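Trainee: Kindly generate the corresponding structure for this input.
(one chain, ligands or ions: 2)
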Amino acid sequence: MNKQQLRKEFLDKRKAISRSELEELSNRIKDKFLSEPHFQEAQHVHCFLSIARHKEIDTWPIIHALRELNKQIIISTCDFKTLEMHHFLFEKETILEETAFGILEPINAKPFSVEKIDLIIVPLLIFDKEGYRVGYGKGIYDRFLAKCRPDAIKVGLSISEPIQAIADSDKYDIALDHCITPKSVHSF
Ligand SMILES: Nc1nc2c(c(=O)[nH]1)N(C=O)[C@@H](CNc1ccc(C(=O)N[C@@H](CCC(=O)O)C(=O)O)cc1)CN2
Ligand SMILES: Nc1ncnc2c1ncn2[C@@H]1O[C@H](COP(=O)(O)OP(=O)(O)OP(=O)(O)O)[C@@H](O)[C@H]1O
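Mentor: Numbering: from 1, shown residues only. Ligands and ions are numbered 1, 2, ... in the order given. Predicted coordinates for the structure are as follows:
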């Protein structure tokens, strides 16, 4: 299947999940994330803030756990005209505001340079057995990941298990290093 078909299928699949089921799946993914020793080495961790209306995996349990471990957490704003993201340190005093797309963004945070990010927690709709992903189709994360250090670890979070292959992966698609599902940690 191509990206467009996969986007529809997996957006619909997520819509059908109840809030309580999503909470349960998000907690299982958090436990898997925390039990991987190589994730614990990262000091500067970029994390997405979940879009509730799209039933994304809730990343707050991971964020709270990272705070407990004294990690620095980095979050972003997104410019939908240039498709560029801007990165900021997420501190206790950071104020978040919800955008028209339902994304929480910082409004008073300190800029953070992309080269210092050690690990990126990546949103997605579905991934395949080679670690390629499908997102909402604007290429925003692909552009961001292209700017990260080559040794920065890219970890996807997915409700579903991988499909065999994404038929129309292109030269801009950047494969994940790992993808965590409620059942297991897939490494590529
Ligand atoms: N939590 C989170 N933040 C993220 C992403 C993400 O996937 N998840 N992105 C990953 O790249 C970027 C935002 N990408 C997005 C792309 C589309 C829509 C969205 O709501 N699209 C509408 C249609 C919008 C339109 O009118 O064109 C929709 O899907 O219904 C939201 C976020 C940056 N931040
Ligand atoms: N680094 C890049 N530079 C220029 N164009 C890019 C880049 N990355 C992706 N694109 C283009 O952006 C468009 C959308 O890409 P794609 O369908 O892979 O998005 P996606 O991975 O589903 O979404 P997202 O990355 O926002 O989660 C494609 O036409 C793709 O070629």
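Trainee: which phi and psi does the spatially most central residue of the chain have?
Mentor: For the chain, the residue nearest the mean C-alpha position is Val122 (2.3 Å; CA atoms, centre = their mean). Recorded main-chain torsions at Val122 are phi -110, psi 130, according to degrees, to the nearest 10.
Trainee: doesn't Phe144 make contact with it?
Mentor: No - counting by CB atoms under 8 Å, Val122 stays clear of Phe144, with 9.0 Å between them. To be clear about C-beta, it is placed using only N, CA and C from the backbone, and glycine gets the same treatment.
Trainee: so for stretch 177-188, what's the average pLDDT?
Mentor: For stretch 177-188, the mean pLDDT works out to 98.
Trainee: Write out the residues of the protein neighbouring ligand 1.
Mentor: 48-51, 56, 78, 85, 101, 103, 123, 135-136, 138, 140-141 (CB under 6 Å from any ligand atom).
Trainee: Closest one of the residues you listed to ligand 2?
Mentor: Taking CB to the nearest ligand atom as the measure, ligand 2 lies nearest Gly135 of the residues of the chain next to ligand 1, at 1.9 Å.
Trainee: my read: that closest one touches Phe127, true?
Mentor: No - using CB under 8 Å, Gly135 makes no contact with Phe127, being 10.1 Å away.
Trainee: between the two, who's got more neighbours?
Mentor: Shown here are Gly135 and Phe127; by other CB atoms under 10 Å, Phe127 has more neighbours (27 against 18).
Trainee: ok but that one is inside a helix, no?
Mentor: No - counting by DSSP: H, G, I helix; E, B strand; the rest coil, Phe127 is not part of a helix but strand.
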